[in-house]
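Student: Curious how this folds, go ahead:
(one chain, ligands or ions: 1)
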Amino acid sequence: MIINKFTSKKIKMFVRDHWVAVTSTLAVLILTILSIIGFMGLESFYRKMQLAQLPIQIMMWILASAISAIIYVSLMFGRFGQIDTKKVKGSKVNVLFSDVLGVDEAKEEAIEVVNLLKDHSAVQKVGGKIIKGLLMIGPPGCGKTYLAKAIATEAGLPFLSLSASEFTEIFVGVGARRVRKLFKQARRLAYAHGGAIVFIDEIDAIGRTRTFSFMSGQEGNTTLNQLLVEMDGLQDEKENVVVIGATNSPEDVLDPAILRPGRFDRKIYIEKPNLKGREDVLKFYLNKVNYDKSIDIGKVARQAVYKSPADLENIVKEASIICLRNKRDVITHKDLSEAMERIDLGIKHRKHMTPEEKRRIAYHEAGHLIVLYLLHPTDDVFKASIIARGGTLGVVHHQQHEEMFTSNKDHLLADIQTSLAGHLAEKLKCGTTSDGVGSDFPKAMHLAHLMVWCLGMDGKHVGDFTVIPEGQLSEQLKNELNIETQRILQECLAKTETLLRDESILLDRFANELLKKEELEFDEIDAIFKEYHKVKFGASPTPPLEKSL
Ligand code: ZN
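Tutor: Below you'll find the model as predicted:
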């Protein structure tokens, strides 16, 4: 019954859409019949004359209609106000919830939305709230578009997708006209299919807090106003149009007006996947390629903390490229690890360095490595390398065991000590220090400053002193805070130096291994520590990090 209802609606809509074609076809038919009747009534001589003139007449008609068609099209459908019709054409997308990976919580919310959409009329009957706007908030690469498509597929509705940046134009009013067209199309689709999903990506491009500047501000405002007007206009109960907006920005940059009830009042937060999510995503993409079945996917997932599903897909792709280049056909753990590093840090490029320089870099990285392993409460060492990549000459790759959203004092102190370790290892083993601390010192300094100025972690001052305007802080207080910052750095330096002196043999060993192999993987690193009966911090019963600071 429903099918019949929609079929008749579709026919109605076809006639409404194509009335020009329908009426002109009818007119042509009637005129042809009339002229045939007239033609038959003519005498033979005239008939022949008419026939002789026919080809040239047809040619003239074709020419004339072509010219008028060109003029008509360029006048009516000029560049302005026109959106790429391919994108706006509602299409049936085919993405199922089972295809959306790594964002399980967001998926649950989305399933609920689909249920509400399917029961549109039921919800209306009980007076429940009908969804009109849905906002997806989350970092890029986590599958917002994909999830929106899955909602459309699972609810069986056509999907219109557009990026908000396509609304922003220099000419005032163009964006607003595009919004009107988009909603017109959506309403028509909803009329014919019982509903439609409009997906607006990067909604922050028009949805930012309204400003009243002269240049872009004006246009953004009219576009946003038009969007709000259209959404408010969707009150008609027959119009089951749901607008899904997506943004990478935090929601506080968005105009409060678009978050008001009846607009984008439902939100889905999409987070980067957790360990389990990353494992699922990796399994999915690895199953598409030929990989060594002994790979510990859990370990790779642990290594890939903070990676989005798109990043993970990219890692598997990059690994297969590396694998191909080495003329193998099975992806190994080493390929994946290499791919991850290449994406994070850039491609390896061997620089010509003097043995002395190479040795200093090896000790520098060995210093970072040892302190990370023996002191750091949250981070694991995954790899150490003295091959130049991007802007760095060497690197110790480390990640948290699992993503953490806060850092405690021990964690911050361990970060500072790790940062200082490269500098100290150079000092202890090469008798001099170098400028290879370009990223280490700023990091250590920044953290120590943060601990004292903002986090009340020096034991003497409490509060975030950065909220007070510079001029209102007394010179004495500023001095005290800076002295405390330096004290933290000095204490960390002293402790790290003691540790590295105690582990002098280990430092030599790692530097030599690095000089020999250039890269050390987690397993190799772990084996060497075990050889010296060292235990990773956290696994040891007595934490070596003192808490006197
Ligand atoms: Zn360093």
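
Student: wouldn't Gly463 be in contact with Met457 here?
Tutor: No: with contacts defined as C-beta atoms under 8 Å, Gly463 does not count as touching Met457, sitting 11.4 Å away. (Each C-beta comes from the backbone N, C-alpha and C, glycine too.)

Student: Please compare these two by neighbour count and tell me which comes out ahead.
Tutor: Neighbours per residue, other C-beta atoms under 10 Å: of Gly463 and Met457, the larger number sits with Met457, 21 against 11.

Student: does that one sit in a helix or strand, and which one?
Tutor: In this structure, Met457 sits in neither a helix nor a strand according to DSSP states H and E.

Student: now swap in Leu101 and tell me
Tutor: Using DSSP H and E, Leu101 sits within no helix or strand.

Student: Excluding chain neighbours, what is closest to it?
Tutor: Leaving aside its sequence neighbours, Leu101 sits nearest to Val281 (C-beta to C-beta, 6 or more residues apart in numbering; 4.7 Å).

Student: list the contacts for the one you found?
Tutor: 101-102, 273, 309, 312-313 (C-beta atoms under 8 Å, 6 or more residues apart in numbering).

Student: Now with 10 Å, please.
Tutor: Residues counted as contacts of Val281 (C-beta atoms under 10 Å, 6 or more residues apart in numbering) are 101-103, 143, 273, 301, 304, 307-313, 315-316.

Student: Now do the contacts for whichever residue of the stretch 101-250 of the chain sits closest to the ion.
Tutor: In the stretch 101-250 of the chain, the residue that lies nearest the ion is Pro139 (27.7 Å; C-beta to the ion). When contacts are counted by C-beta under 10 Å, 6+ apart, Pro139 touches 248, 270-272, 306, 308, 310.

Student: swap the cut-off to 7 Å and go again
Tutor: Residues touching Pro139, when contacts are defined by C-beta atoms under 7 Å, 6 or more residues apart in numbering, comprise 248, 272, 308.

Student: Top of these by number of neighbours, please.
Tutor: Looking at the contacts of Pro139 with neighbours defined as other C-beta under 10 Å, the largest count falls to Ser308 at 23 neighbours.

Student: Nearest residue to that one in space, please, no chain neighbours.
Tutor: Counting by C-beta to C-beta, 6+ apart, Ser308 lies nearest to Gly141, which is 3.5 Å off, once chain neighbours are set aside.

Student: check which helix or strand covers that neighbour.
Tutor: Using DSSP H and E, no helix or strand contains Gly141.

Student: how about it, what does it touch?
Tutor: Residues touching Gly141, when contacts are defined by C-beta under 7 Å, 6+ apart, comprise 308-311.

Student: Put together JSON lines for the residues you listed, with pLDDT on each row.
Tutor: What follows is those, written out as JSON lines (pLDDT from 0 to 100):
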{"residue": "Ser308", "pLDDT": "89"}
{"residue": "Pro309", "pLDDT": "90"}
{"residue": "Ala310", "pLDDT": "91"}
{"residue": "Asp311", "pLDDT": "91"}
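
Student: Distance from stretch 110-120 to the middle of the chain?
Tutor: With C-alpha atoms, centre = their mean, to the nearest Å as the basis, stretch 110-120 stands 25 Å off its chain's centre.

Student: And the average pLDDT for that stretch is what?
Tutor: For stretch 110-120, the mean pLDDT works out to 83.

Student: Tell me how many other residues crowd the closest residue to Ile347 other than its chain neighbours.
Tutor: With C-beta to C-beta, 6+ apart as the criterion, Ile347 has its nearest non-adjacent residue at 6.8 Å, and that residue is Arg389. The number of residues packed around Arg389, counting by other C-beta under 10 Å, is 17.

Student: ok, now how distant is Arg389 from Lys495?
Tutor: Computed as C-beta to C-beta, to the nearest Å, the Arg389 to Lys495 distance reads 30 Å.

Student: Equivalent analysis for Gly194, please.
Tutor: Using C-beta to C-beta, we find Gly194 at a distance of 68 Å from Lys495.

Student: okay, now the closest residue to the ion within the stretch 351-500 of the chain: neighbour count?
Tutor: When C-beta to the ion is the measure, the stretch 351-500 of the chain has its nearest residue to the ion at Gly422, with 3.4 Å between them. Using other C-beta under 10 Å, Gly422 has 28 neighbouring residues.

Student: likewise Val253?
Tutor: Neighbour tally, Val253, other C-beta under 10 Å: 11.

Student: thought it was touching Gly207?
Tutor: No: the pair Val253 / Gly207 is not scored as a contact, 8.4 Å apart, by C-beta atoms under 7 Å.

Student: Get me the contact residues on the stretch 401-549 of the chain for the ion.
Tutor: Among all residues of the stretch 401-549 of the chain, those adjacent to the ion (criterion: C-beta under 5 Å from the ion) are 422, 440.

Student: which stretches of the stretch 1-150 of the chain form strands?
Tutor: For the stretch 1-150 of the chain, the strands defined by DSSP state E, counting those that start in this stretch cover 133-137.

Student: mind listing the helices for it?
Tutor: Listed from the start of the chain, the stretch 1-150 of the chain has helices (DSSP state H, counting those that start in this stretch) covering 2-17, 19-41, 44-76, 85-88, 104-118, 120-125, 144-155.

Student: for the ones you listed, which one ends up most surrounded?
Tutor: The highest average neighbour count among these, using mean count of other C-beta atoms under 10 Å, belongs to helix 144-155 at a mean of 23.

Student: list the helices and strands whichever helix or strand comes after it packs on?
Tutor: Moving toward the C-terminus from helix 144-155, the next helix or strand (DSSP H and E) is strand 159-163. Other elements packing on strand 159-163 under the criterion 3 or more C-beta pairs under 7 Å, 6 or more residues apart in numbering; DSSP states H and E are helix 85-88, helix 174-193, strand 196-201.

Student: low-confidence ranges in the chain?
Tutor: Low-confidence segments of the chain, defined by pLDDT under 70: 1-5, 74-92, 121, 124-129, 169-172, 209-220, 235-238, 539-549.

Student: Ramachandran angles for the residue positioned nearest the centre of it?
Tutor: Ranked by distance to the mean C-alpha position of the chain (C-alpha atoms, centre = their mean), the top residue is Pro140 at 1.0 Å. The phi/psi pair for Pro140 (degrees, to the nearest 10) reads phi -70, psi 160.

Student: Just give the nearest non-adjacent residue to it, would you?
Tutor: Once its chain neighbours are removed from consideration, Pro140 has its nearest residue in Asn248; the separation is 5.1 Å (C-beta to C-beta, 6+ apart).

Student: Am I right that Leu447 is in contact with Gln417?
Tutor: No: taking contact to mean C-beta under 7 Å, the distance of 10.2 Å between Leu447 and Gln417 leaves them out of contact.

Student: From one end of stretch 465-482 to the other, what's the distance?
Tutor: Its first and final residues considered, stretch 465-482 spans 12 Å by C-alpha to C-alpha, to the nearest Å.

Student: Need the contact partners of that stretch.
Tutor: Counting contacts by C-beta under 7 Å, 6+ apart, the residues touching stretch 465-482 from outside are 452-454, 461.

Student: buried stuff in it?
Tutor: Neighbour counts using 16 or more other C-beta atoms under 10 Å place 465, 481 of stretch 465-482 among the buried residues.

Student: That one: how far from the chain's middle?
Tutor: Chain-centre distance of stretch 465-482: 39 Å, with C-alpha atoms, centre = their mean.
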